[in-house]
Every structure is written in structure tokens, then in C-alpha cells.
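**Student:** Next input, structure requested:
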Amino acid sequence: MKKLLMLGTALLLSTTAIGSAWAQAINSNPLSDPRVRQAIAYAIDMDTIVETLFEGNAIRAVGLLPDGPNKPDDLERYDYNPDKARELLAEAGWDSSRELDVVYYYADQGTADLMATMQAYLADVGISMNYRMLEGDVGPQITALPADPVAGPSGVKWDILYGARAALALQEYFNQFGYGLMPTIPNVPEMNDLVAQVNSTTDPEVQREGYHQMERVINKNAYIIPLYYQQLYTYESNRLHRNGAPYGNEQYNYNWDVQNWTVDPTADGKNVLYTNAAPAQFFEVPWQNLGIWVHSKFAFDTVLEADGNLTPIGGELAESYSVSEDGLDVSFTLKDGLTWHDGTPLTADDLAWSIEAALKFPITHPVLMATFKAIDGSEAFQTGAADHVSGVSVEGNTVKLKFDHIDPNVLLSFSQFAPLPKAQFAGVNPVELQQSAYWQKPIGSGPFMIDEVRMNDYTTLVPFAAYHGGAPKIEQIIARPSGDNDGNLLVNATAGKADFGYTKSAGDVPGLEGLSYMTVKPIDIPYTRMIWINQFPHPAK
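**Tutor:** Numbers count the residues shown, from 1 in each chain. As a prediction, the model looks like this:
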């Protein structure tokens with residue numbers, strides 16, 4: 001830690017003044033003072049942390065969005081400057097006896113090391129903190145909203161949360177700021193207007209200007225402190241041949257052309273591919289985390305297709321689609337002859353039912369949910385005032401959608417949305433969709449069928465001969481259970497039981513690169529590790 005501080009102190013100290021004479025706390029919580037939040041940003045030397053703790057396998061963050069056209073180039077960098085941090089804390093009248101309660105939800109050693117490093121950096125400028133990992137049902141502990149979005153009190157109990165935002169659509173970074181929806185930030189009228197601006201148009205130039213303005217507001221006030229952009233690392237053994245298939249953001253669905261992949265036979269002559277991301281207890285509804293699980297990747301198909309950058313490029317299950325000039329009428333015509341893995345027809349009724357079920361399923365991905373809630377009659381259906389969504393209709397092989405207002409991500413949403421077989425859920429309340437016995441061994445429509453399931457041990461998949469994109473060439477997939485970061489990845493890779501997958505853990509990279517038969521490819525994705533600062537009044541620890 002001393003080395004980290006010495007390296008950071010050697011950096012050229014910025015003297016740019018971000019605080020101003022009018023800055024002050026807006027309630028009894030001293031963290032509601034922007035000078036305190038700015039001081040925290042200045043106190044943490046992320047350049048040195050990336051260089052040392054992450055061995056260079058991360059990108060220091062400036063702003064919520066990674067570099068690109070949607071990010072302005074005039075943001076304050078908050079380069080490491082402990083003197084500036086102490087100055088701002090003195091101006092704000094910071095009480096050095098207060099101890100901040102910092103929480104996180106990652107179980108890996110890298111996170112624990114980062115917490116210890118942050119603790120030392122903050123102590124150096126006069127801020128005490130403890131840190132703890134959240135246990136049990138983490139969601140309510142980090143997302144509970146205050147009863148009053150302006151005055152509070154806080155709905156969560158901590159002072160600072162370390163976590164991440166992985167965005168399918170850029171609105172995921174910013175919509176949380178609209179209309180008091182943030183569990184940590186009192187309602188900001190300026191942000192409300194900007195959120196409305198980017199959500200009311202499909203014009204990328206209008207959206208981009210909104211993103212620029214929101215980034216500037218967040219950056220100036222240090223409402224959230226971005227720490228680093230986490231890269232995604234695809235790994236593949238020399239047995240695997242993707243045969244020209246593109247690379248992309250593996251957390252989501254894109255045209256990776258898996259049916260045309262091949263593998264060299266194993267020593268016993270088996271044409272098998274080893275991977276991870278199988279379930280430990282049950283298969284998850286693919287509307288929640290979209291592309292990260294083995295069944296989402298191999299066993300289900302989406303309505304449309306996206307490229308590696310998640311730009312919609314055409315049909316998947318859909319033969320064709322149309323969008324009216326005003327963006328309020330959208331239709332999808334499914335391919336002829338589609339079937340589920342059990343041989344039953346996949347129809348437009350399945351797609352229409354799935355849209356309605358996703359509206360009631362409590363943890364549908366927020367981008368998908370925003371699209372479906374924009375459809376005429378969705379609110380009446382969600383509240384039980386109507387039996388069906390009036391804006392969803394079926395004509396033969398076509399599903400027609402009538403929207404109440406523009407959804408800027410409608411095509412993106414359907415490039416990630418996998419319909420489910422309606423007949424398998426007769427009598428199932430969509431609110432309790434995950435509890436259905438179907439999720440012990442789901443029937444999909446993708447290139448591979450789930451074959452054998454040994455929960456918490458392995459899952460096997462075999463080719464779906466009737467797949468509309470052509471029968472896959474790999475004879476079997478064996479997947480081991482794992483979550484978003486696989487603690488057994490290096491063990492399995494060393495044993496020759498990991499031919500393909502991805503990791504977001506920088507600590508896995510040196511070990512994977514050290515295997516002569518493994519190739520690791522870094523991919524830049526919109527995935528930002530950051531800290532949220534709770535500005536609502538709540539009892540101090």
C-alpha cells in the first residue's frame with residue numbers, strides 16, 4: 001500500500017478547481033456536499049491501481065461511458081490529488097471521526113484487495129471507512145428507493161456501494177437518474193429533462209447531445225465516481241475453430257454463428273466442446289441476464305439478430321420486420337417452419353404470449369421492459385385491468401405492435417429477446433415464471449438442445465438437427481456450472497476442460513495466457529466499475 005501511495009504522490013498534482021463557493025450539503029448527510037464527493041474522487045489513485053492491482057488489465061475511467069462519440073471530451077479527470085482532496089474536505093467541514101460504511105457484492109480476492117487499497121487512500125486524506133460484502137438477497141439492499149425522492153430518508157443503509165453497470169443500451173447508465181429513481185441521489189430536475197430527451201427520440205444525434213449533457217452534470221457533481229472500465233476477455237483453446245465467426249460482447253446475444261464452429265477431436269475421438277456458464281440449481285429465464293448463461297447462448301434464439309457491437313442487423317427467428325416512419329408501429333413476421341426442440345411449431349402466438357409474460361415477470365431486463373411498457377395497453381395488462389395487451393396482435397405468422405410512445409431501443413430489445421413456448425406454461429402465473437418445472441430442463445429453439453442435466457455438476461447439449469440456420473457441426477457441448485466470474489476457470493482450463501468462454505476477472509488473464517494452447521482476446525465493452533455515494537439522510541455508522 002505504501003508503494004501505491006508513493007507512486008501516486010509522484011504524479012503531477014492537478015490544481016483544477018472543481019469545487020465552488022456555493023457548493024454545500026443539501027441535507028444533514030455530509031455526503032450530500034459535492035465537495036466531499038469530489039474529494040473522494042481526488043483521493044483514489046486509479047492510474048496506480050490499474051497498473052498494480054489489475055496488472056494493466058483494465059482501463060481507468062473518466063466518466064460513466066468508455067471513450068467514443070457518446071462521451072464528451074471536456075470532463076474533469078479527477079486525477080490523483082490528495083492535497084486537493086484535503087482542501088475540499090476542509091471547506092466542507094468534514095468530520096474525520098465519521099466512519100463510512102462501504103459495501104460490495106463481489107466475492108473475488110481482487111475486490112477485497114481494491115477495498116483495502118481504497119481504505120488506505122481515503123485514510124490518507126482524513127476519511128475513515130470500513131468495508132463489508134453484502135450477504136443474502138443483494139438486490140433490495142442496493143436498490144431500495146427512499147420514500148421521498150428529494151428529502152429521504154435513505155432506503156438503503158450504507159454510505160458507499162462498489163459495483164458495476166454493464167449496459168445493453170446507453171440509457172441504462174442514465175435512466176436511473178430520472179424522476180427520483182436513484183436510491184442514492186436526491187431528485188435532480190436537470191437530469192429529469194435530459195432523460196426525457198434521450199428517451200423520446202430514435203435520432204442518435206439528439207440522443208448523443210443528451211448523453212453529453214448528462215455526463216457533464218454527473219461528472220461536475222460527482223454523483224457517481226467511475227473507477228475503471230472492465231474489459232471482457234474471450235478465451236478459446238487451439239482445439240476450437242470459429243471459422244470466421246465475429247467476436248462481440250459475450251454478455252449479450254449477437255450473430256456469433258456458433259452452428260458453423262468446429263472442434264478438433266479429443267484424445268478419445270470425441271467432437272466435444274468444453275465451456276462453463278451452466279446452471280447450479282436451475283436454468284434462469286433468459287429475459288433477465290440475456291446472453292451470459294449457456295442456455296441463453298446455445299439453446300434459445302432471439303427474434304432479431306445483432307452484430308458484435310449489438311447493432312440490430314436483421315432477422316433471426318424473424319424473416320422480416322418493419323417500423324413505421326413515426327416509430328409507433330412495429331411488426332415481425334416469423335420464418336416458416338420454425339419448431340421448438342420437441343418438434344412442436346414455434347408460432348407468432350408464442351412470441352405474443354412471451355411479450356405479455358415478460359411484462360409481468362418481475363425481473364425482466366430493464367431495456368426489454370422499457371420497450372414492452374411503451375406498447376399500447378401495457379399498463380392496463382400489468383395492473384390486471386385487461387387480460388391482454390391491446391397493442392399486441394397476431395395475424396398469421398406476423399406479430400404487430402402498436403406503441404403508445406417511441407421506444408428508442410425497440411430493435412435492440414428484440415435482438416436480445418428469446419420467446420418461450422407458450423404451451424409449456426399453461427396455468428403458470430408469469431409473476432412466478434421462474435418457479436416452473438420447465439426450468440429444470442428447458443425446451444428452446446436454438447442451434448443446440450439441452451440433453452443431460454446434472455445440477456451443480458454439468459450440463460450437456462447436442463445439435464438441433466432442424467435448426468433453421470443449419471445443423472451445428474459440434475457433436476456435443478459439456479458445460480460446467482459457474483456464475484458471472486468462474487472461480488474454477490483456471491483449474492478447468494489447465495485440465496483441458498475449457499475450450500471457450502469469457503471472463504471479466506483480470507486476475508484470470510495471466511493464468512490463461514500462460515497456457516500454450518489457449519488464446520485470450522480482450523474486448524472493449526460498456527462495463528464500468530464505479531462507486532455510488534448515498535446522499536440521503538440516514539443514521540451514521
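**Student:** elements contacting the helix or strand where Arg529 lies?
**Tutor:** In the assignment (DSSP states H and E), Arg529 maps to strand 527-533. For strand 527-533, the elements it packs on are helix 34-43, strand 160-166, strand 224-229, judged by 3 or more CB pairs under 8 Å, 6 or more residues apart in numbering; DSSP states H and E. For glycine as for every other residue, the C-beta is placed from the backbone atoms N, C-alpha and C.
**Student:** Within the sheet, what are the partner strands of it, with directions?
**Tutor:** strand 160-166 (antiparallel), strand 224-229 (antiparallel) (DSSP bridges).
**Student:** Comparing the ones you listed, which yields the minimum mean pLDDT?
**Tutor:** Of all these, the minimum mean pLDDT falls on strand 160-166 (a mean of 92).
**Student:** Can you pull up the most central residue in the chain?
**Tutor:** Among the residues of the chain, the one closest to the centroid is Ala166, at 3.0 Å (CA atoms, centre = their mean).
**Student:** Would you mind confirming that that one is in contact with Met530?
**Tutor:** No - taking contacts as CB atoms under 8 Å, Ala166 lies outside contact range of Met530: 11.3 Å.
**Student:** can you count the residues close to Gln109?
**Tutor:** By the criterion of other CB atoms under 10 Å, Gln109 has 11 neighbours.
**Student:** whoops, Leu75 was the one
**Tutor:** Leu75: 18 neighbours (other CB under 10 Å).
**Student:** Where does the closest residue to Val330 other than its chain neighbours fall, secondary structure wise?
**Tutor:** Nearest residue to Val330 in three dimensions, chain neighbours excluded: Leu401, at 4.6 Å (CB to CB, 6 or more residues apart in numbering). Here Leu401 is covered by strand 398-402, with elements defined by DSSP H and E.
**Student:** Give me the packing partners of the following helix or strand past that strand, helices and strands only.
**Tutor:** Next helix or strand after strand 398-402 toward the C-terminus (DSSP H and E): helix 410-414. When contacts are defined as 3+ CB pairs under 8 Å, 6+ apart, helix 410-414 sits against strand 304-306, strand 312-315, strand 318-323, helix 366-373.
**Student:** what mean pLDDT would you report for the last one?
**Tutor:** When pLDDT is averaged along helix 366-373, the result is 94.
**Student:** Now do it: everything it contacts.
**Tutor:** Contacts to helix 366-373, defined as CB atoms under 8 Å, 6 or more residues apart in numbering, come from residues 168-169, 171-172, 175, 199, 287, 355, 358-359, 364, 378-379, 382, 407, 409-410, 412-414, 416-417.
**Student:** Can you select the buried ones among these for me in PyMOL?
**Tutor:** Applying 16 or more other CB atoms under 10 Å to those leaves a buried subset, and the PyMOL line that selects it is:
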select buried, resi 168+169+171+172+175+199+287+355+358+359+364+378+407+409+410+412+413+414+416+417
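**Student:** Flag the shaky bits of the stretch 251-400 of the chain, pLDDT-wise.
**Tutor:** Residue ranges of the stretch 251-400 of the chain with pLDDT under 70: none are present.
**Student:** Which parts of it are helices?
**Tutor:** 294-298, 348-360, 366-373, 378-383 (DSSP state H, counting those that start in this stretch).
**Student:** Relative to His212, which of the ones you listed is closest?
**Tutor:** Evaluated over those, closeness to His212 peaks at helix 366-373, with 20.8 Å, by CB to CB.
**Student:** what inclination does the closest one have with respect to strand 398-402?
**Tutor:** With axes from the mean of the first three to the mean of the last three CA atoms, to 10 degrees as the basis, helix 366-373 and strand 398-402 are set at 80 degrees to each other.
**Student:** now the angle from helix 366-373 to helix 348-360?
**Tutor:** 110 degrees.
**Student:** before we move on, the earlier item: off-centre distance for the strand holding Arg529?
**Tutor:** Relative to the chain's own centre, strand 527-533 is displaced by 12 Å; criterion: CA atoms, centre = their mean, to the nearest Å.
**Student:** send the alpha carbons of it over as CSV?
**Tutor:** The C-alpha trace of strand 527-533 is given here as CSV (Å, rounded to 0.1, in the frame of the first residue of the first chain):
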residue,chain,number,x,y,z
TYR,A,527,-18.9,-2.1,-18.5
THR,A,528,-18.0,0.4,-15.8
ARG,A,529,-16.9,-0.4,-12.2
MET,A,530,-17.9,2.6,-10.0
ILE,A,531,-18.9,3.7,-6.6
TRP,A,532,-22.3,5.1,-5.7
ILE,A,533,-22.4,7.6,-2.8
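**Student:** all strands for the stretch 1-150 of the chain, in order.
**Tutor:** 59-60, 99-104, 128-133 (DSSP state E, counting those that start in this stretch).
**Student:** In JSON lines, list the ones you listed along with mean neighbour count, mean pLDDT and distance to Ala267.
**Tutor:** Shown next, in JSON lines, are the strands of the stretch 1-150 of the chain (neighbours: other CB atoms under 10 Å; pLDDT from 0 to 100; distance: least, CB to CB, whole Å):
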{"stretch": "strand 59-60", "mean neighbour count": "18", "mean pLDDT": "92", "distance to Ala267": "40"}
{"stretch": "strand 99-104", "mean neighbour count": "19", "mean pLDDT": "98", "distance to Ala267": "42"}
{"stretch": "strand 128-133", "mean neighbour count": "15", "mean pLDDT": "97", "distance to Ala267": "41"}
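**Student:** Identify whichever of those strands lies nearest to His538.
**Tutor:** strand 99-104 (9.6 Å).
**Student:** by contact count, what packs against that closest one?
**Tutor:** helix 109-125, strand 128-133, strand 160-166.
**Student:** Need the ones you listed in a markdown table (columns: distance to Thr302).
**Tutor:** Output for the helices and strands packed on strand 99-104, formatted as a markdown table (distance: least, CB to CB, whole Å):
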| stretch | distance to Thr302 |
| --- | --- |
| helix 109-125 | 32 |
| strand 128-133 | 34 |
| strand 160-166 | 18 |
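**Student:** If you count neighbours, what's buried in stretch 335-354?
**Tutor:** So stretch 335-354, judged by 16+ other CB under 10 Å, has buried residues Leu338, Thr339, Trp340, His341, Leu346, Thr347, Ala348, Asp350, Leu351, Ala352, Trp353, Ser354.
**Student:** between the strand holding Leu401 and strand 318-323, what angle do the directions make?
**Tutor:** 20 degrees.
**Student:** How far away from the center of its chain is strand 398-402?
**Tutor:** That offset, for strand 398-402, works out to 28 Å (CA atoms, centre = their mean).
**Student:** Show me the contact partners of that strand.
**Tutor:** Outside strand 398-402, the residues touching it (CB under 8 Å, 6+ apart) are 328-334, 348, 351-352, 355, 375-376, 390-394.
**Student:** Same check on stretch 189-200?
**Tutor:** 170-171, 174-175, 177-179, 206-207, 209-211, 213-214, 217-218, 370, 405-406, 408.
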